[in-house]
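[1] What follows is a predicted protein model with its sequence.
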Amino acid sequence: MKKITTFFVALAIALTASAQTWDVGSPNAADVTATLNSGVLTISGTGAMADYNDPAARPWADVRNSITSVVIEDGVTSIGDRAFQDCTGLTEVTIPNSVTSIGRSAFFQCTGLTSVTIPNSVTSIGSQAFWRCTGLTEVTIPNSVTSIGNNAFQGCTGLTSVTIPNSVTNIDFAAFSGCTGLTSVTIPNSVTSIGSLAFGYCTGLTSVIIPNSVTSIGDWAFQNCTGLTAVFVEWDTPLDISSDVFSNVPVQNVQLIVPRGTVNAYRAALVWQDFVLSDANSIIALLRDSIATLQSENSTLNSTITTLQSQNTTLNNSITTLQGENTTLSNSITVLEIENSDLRTQLASCSSTPTSTAATAQSTVKIYPNPTTTGELKIENGEWSVGEAIEVYAMSGALVATYPTIGETTSINLSHLPVGTYVLKVGRYTARFVKQ
């Protein structure tokens, strides 16, 4: 019996160690193949990978935890939906320049992944692409990407920095929600809309810079960003935003830096008026005061200069020359006074306070009854396509239910959900409802 048992154990090890190959292309399965050998999953061929609505349908589903590295070779054009979902042992991935899209939930909950380099061939990052990749500490998004999908990096608690390029125009629903390690975010002047819950629950966020290109900020975009201390905005006319944008943020303690000459306009604007207002002139004055304080407190240098001036004309002339040639400080102040963009860069590097801003897009979705006490909710909107998904999210940003639309009016049963407040999303429309 012992010999038989030993034989089957050895056979199992041998089968596990041997390479396994599957056809995973779409629409022609044979166009792209996947080979797993010693923990390395290599995707090769020409064309797109298949999408997997059910992650259990992936050929490597049963051995996913043994995958430590994914190498996608040149020629593959897309990473399929849920392709590597829950591959918790995955630590590195190589993506070639031939890939143009990263599918929905492609790396969902790959908790061992620490960094990702996305090539500049990629134009779209799918919804939930890196959701709950808690080991991810940094990600560079290339200039080719135009949109960051819903929940794309939600729950990446280890993420400390993210670079959003000037090509991005939309930051979608809950894209960075729950990224508690993020401390500062600079939104480029290409972005026109920031989705609901985009940076919600980023409790470590202290600084946000929002350009005047942004025309829409969704509800709860910065909800529970309790570490926020400064918001820099560039609108001469305050953007109209919902009071929910900064829900649970103590804005009375957050500094709002506005363009020069616009303090009175912000003081009269709802929501913005609740911040601690400062304009560009006052910041320049603070910088000047700081410089003057440093100069006056440096008594050792001052006394040395005084002694040299009184005892040595040559040294005195040298000091005068050095003072005339030391343009760094004066140039910095001049640039700060005449260039608002340079002011923003100076403040980001010199000030201990940070930045953020927001404005909400109004939903055209009609839902009733709201609140619902029976668990049944009707959704009415003539603009959607039949079959488009109705998504229900908890206030934390977690997706809790999905339903298809049936017609202009669709009824959904929410009896299985606990009492609370939820967000309903259909296409680009969002609305909030309460279940009692």
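    Sure thing, it's come through.
[2] so who does residue 204 touch?
    Contact partners of residue 204, counting by C-beta atoms under 8 Å, 6 or more residues apart in numbering, are 180-183, 227. In this view, the C-beta of every residue, glycine as well, is placed from N, C-alpha and C.
[3] which ones are touching the residue positioned nearest the centre of the chain?
    Geometric centre of the chain, nearest residue: residue 176, 3.5 Å, by C-alpha atoms, centre = their mean. Applying C-beta under 8 Å, 6+ apart to residue 176 gives the contacts 152-154, 156, 159, 162, 182, 185, 198-199, 202.
[4] switch to 7 Å and redo it
    153, 182, 198-199, 202 (C-beta atoms under 7 Å, 6 or more residues apart in numbering).
[5] among the residues you listed, which two are most distant?
    Greatest spacing in those, by C-beta to C-beta: 182 and 198 (11.6 Å).
[6] what about the two, which has more around it?
    Higher neighbour count among residue 182 and residue 198: residue 198, with 29 against 25, using other C-beta atoms under 10 Å.
[7] Redo the contacts of residue 176 as TSV? Include pLDDT.
    Compiled in TSV, the contacts of residue 176 are given as follows (pLDDT from 0 to 100):
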residue	pLDDT
153	96
182	93
198	97
199	97
202	97
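[8] Now secondary structure too, for those residues, in JSON lines please.
    What follows is those, written out as JSON lines (DSSP: H, G, I helix; E, B strand; the rest coil):
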{"residue": "153", "secondary structure": "coil"}
{"residue": "182", "secondary structure": "coil"}
{"residue": "198", "secondary structure": "coil"}
{"residue": "199", "secondary structure": "coil"}
{"residue": "202", "secondary structure": "coil"}
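[9] which one of those sits closest to residue 425?
    For the contacts of residue 176, the nearest to residue 425 is residue 198 (13.2 Å; C-beta to C-beta).
[10] Hmm, residue 52 is touching residue 58, no?
    Yes - the criterion here is C-beta atoms under 7 Å, and residue 52 meets it with residue 58 at 5.1 Å.
[11] can you list residues touching both of those two?
    Both residue 52 and residue 58 are contacted by residue 83, under the criterion C-beta under 7 Å, 6+ apart.
[12] just to revisit the earlier point, give me the buried subset of the contacts of residue 204.
    By neighbour count, with 16 or more other C-beta atoms under 10 Å, the contacts of residue 204 hold 180-182, 227 as buried.
[13] Identify the farthest-apart pair in these.
    Largest pairwise distance in the buried ones among the contacts of residue 204, by C-beta to C-beta, is 11.1 Å, between 181 and 227.
[14] May I have the phi/psi pair for residue 107?
    Residue 107 adopts backbone torsions of phi -120, psi 30, taken as degrees, to the nearest 10.
[15] Residue 277 now?
    The phi and psi values for residue 277, taken as degrees, to the nearest 10, are phi -90, psi 140.
[16] That one pairs with what?
    Partner residues in beta bridges with residue 277, using DSSP bridges, are residue 256.
[17] go on, residue 207?
    According to DSSP bridges, beta-bridge pairing links residue 207 with residue 184, residue 230.
[18] pLDDT at it, what is it?
    In this prediction, residue 207 carries a pLDDT score of 90.
[19] Please convert the contacts of residue 176 to CSV, extending it with distance to residue 116.
    Shown next, in CSV, are those (distance: C-beta to C-beta, whole Å):
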residue, distance to residue 116
153, 10
182, 16
198, 20
199, 20
202, 19
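[20] Residues in a beta bridge with the closest residue to residue 60 other than its chain neighbours, which ones?
    What sits nearest to residue 60 in space, not counting adjacent residues and going by C-beta to C-beta, 6 or more residues apart in numbering, is residue 36, at 5.9 Å. Counting by DSSP bridges, residue 36 forms beta bridges with residue 20, residue 41.
[21] For residue 146, see how far away residue 36 is.
    Per C-beta to C-beta, to the nearest Å, residue 36 is found 33 Å from residue 146.
[22] Of those two, give the one with the bigger neighbour count.
    residue 36 (21 against 14).
[23] got a pLDDT number for the closest residue in space to residue 112 that isn't next to it in sequence?
    Of all residues not flanking residue 112 in the chain, residue 91 sits nearest, at 4.9 Å (C-beta to C-beta, 6+ apart). Looking at residue 91, its pLDDT is 95.
[24] since we're on residue 91, how many residues are nearby?
    Residues near residue 91, counting by other C-beta under 10 Å: 17.
[25] wouldn't it be in contact with residue 113 here?
    Yes - at 6.4 Å, residue 91 and residue 113 qualify as touching, with contact defined as C-beta under 7 Å.
[26] what number of residues lie near the nearest residue to residue 114 once chain neighbours are set aside?
    In space, and not counting its chain neighbours, residue 114 is closest to residue 135: 5.0 Å by C-beta to C-beta, 6+ apart. When neighbours are counted by other C-beta under 10 Å, residue 135 registers 18.
[27] can you tell me how far residue 135 sits from residue 115?
    Separation of residue 135 from residue 115 (C-beta to C-beta): 9 Å.
[28] same deal with residue 130?
    To residue 115, residue 130 is 11 Å away according to C-beta to C-beta.
[29] quick one, which of the two is more surrounded?
    Taking other C-beta under 10 Å, residue 130 and residue 115 do not tie; residue 130 has more neighbours (27 against 13).
[30] Which residues are in contact with that one?
    Contacts of residue 130 (C-beta under 7 Å, 6+ apart): 107, 136, 152-153, 156.
[31] quick one: least confident of these?
    Here the lowest pLDDT out of the contacts of residue 130 sits on residue 136, with 93.
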